[in-house]
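A.B. asks: Build the 3D model from these lines:
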Amino acid sequence: MAEFLSPLDVRFIDGHDWEVRAPFEYHLGHDDGDECVSIPAGFVTDFASIPRGLWNVLPPTGPYGKAAVVHDWLYQRRRIVNHRTGLARLVERGEADRILNEGMAVLGVGRFTRWMVYSGVRMGGWKPWGHYRAQERHDDVDPRA
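C.D. replies: Sure thing, here's the model as predicted:
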C-alpha cells in the first residue's frame with residue numbers, strides 16, 4: 001500500500017524554494033513492493049510548480065505538497081530505491097507523473113484537484129524534465145576531453 005513513511009520537515013530558504021531538513025520517504029503503491037522514494041536532507045524543492053496566476057486555486061504548497069516534493073525529486077534525480085536489495089532504478093517522466101497522482105490520492109486530495117495538477121504536469125512537465133536531462137548530460141561530460 002502506498003504511504004508516506006516519514007513527516008515532511010522543510011525550511012523556506014529564498015522566497016521561492018524550500019529545503020528538506022530531514023530524510024523523507026514515500027513507499028510506492030504495490031502492496032508487496034519494496035520500492036520507496038527516499039529523499040535526503042538538503043534536497044531543494046519548490047513544491048508544486050504551478051503558474052502564479054493559479055495560486056488562488058492551486059497554491060504551490062497545497063494539500064498535495066508532500067506528493068509534489070516526491071515528484072520534484074523524481075524529475076530532478078529520477079531515483080527509486082528497493083529497500084530489500086538496496087538497488088536504485090531510474091524512472092521516466094510518465095512514471096514520475098503517475099507517482100505524483102498516486103501520492104495525491106494517498107493524501108486525500110479530491111479527484112478534481114488531482115486531475116488539474118496531474119493534467120498540468122502532463123502538459124507542461126516536458127520543459128523541466130528536459131532541463132534536468134540536459135543537465136545530466138552536461139554533468140556527464142569530462143571537462144578534460
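
A.B. asks: who's in contact with His16?
C.D. replies: Asp46 (CB atoms under 8 Å, 6 or more residues apart in numbering). C-beta coordinates here come from the backbone N, C-alpha and C atoms, glycine included.

A.B. asks: where does it sit relative to Asp46, distance-wise?
C.D. replies: Per CB to CB, to the nearest Å, His16 is found 6 Å from Asp46.

A.B. asks: next one: Tyr132
C.D. replies: Taking CB to CB as the measure, Tyr132 falls 13 Å from Asp46.

A.B. asks: Val121 too?
C.D. replies: Val121 is 13 Å from Asp46, by CB to CB.

A.B. asks: the strands in the protein, which residues?
C.D. replies: 3-4, 10-12, 18-20, 24-27, 35-39, 44-45, 79-82, 88-90 (DSSP state E).

A.B. asks: Reformat those as JSON lines; add mean pLDDT, mean neighbour count and distance to Leu54.
C.D. replies: Output for the strands of the chain, formatted as JSON lines (pLDDT from 0 to 100; neighbours: other CB atoms under 10 Å; distance: least, CB to CB, whole Å):
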{"stretch": "strand 3-4", "mean pLDDT": "94", "mean neighbour count": "15", "distance to Leu54": "25"}
{"stretch": "strand 10-12", "mean pLDDT": "96", "mean neighbour count": "13", "distance to Leu54": "20"}
{"stretch": "strand 18-20", "mean pLDDT": "97", "mean neighbour count": "19", "distance to Leu54": "19"}
{"stretch": "strand 24-27", "mean pLDDT": "96", "mean neighbour count": "21", "distance to Leu54": "25"}
{"stretch": "strand 35-39", "mean pLDDT": "96", "mean neighbour count": "20", "distance to Leu54": "25"}
{"stretch": "strand 44-45", "mean pLDDT": "96", "mean neighbour count": "20", "distance to Leu54": "18"}
{"stretch": "strand 79-82", "mean pLDDT": "96", "mean neighbour count": "17", "distance to Leu54": "29"}
{"stretch": "strand 88-90", "mean pLDDT": "96", "mean neighbour count": "12", "distance to Leu54": "30"}
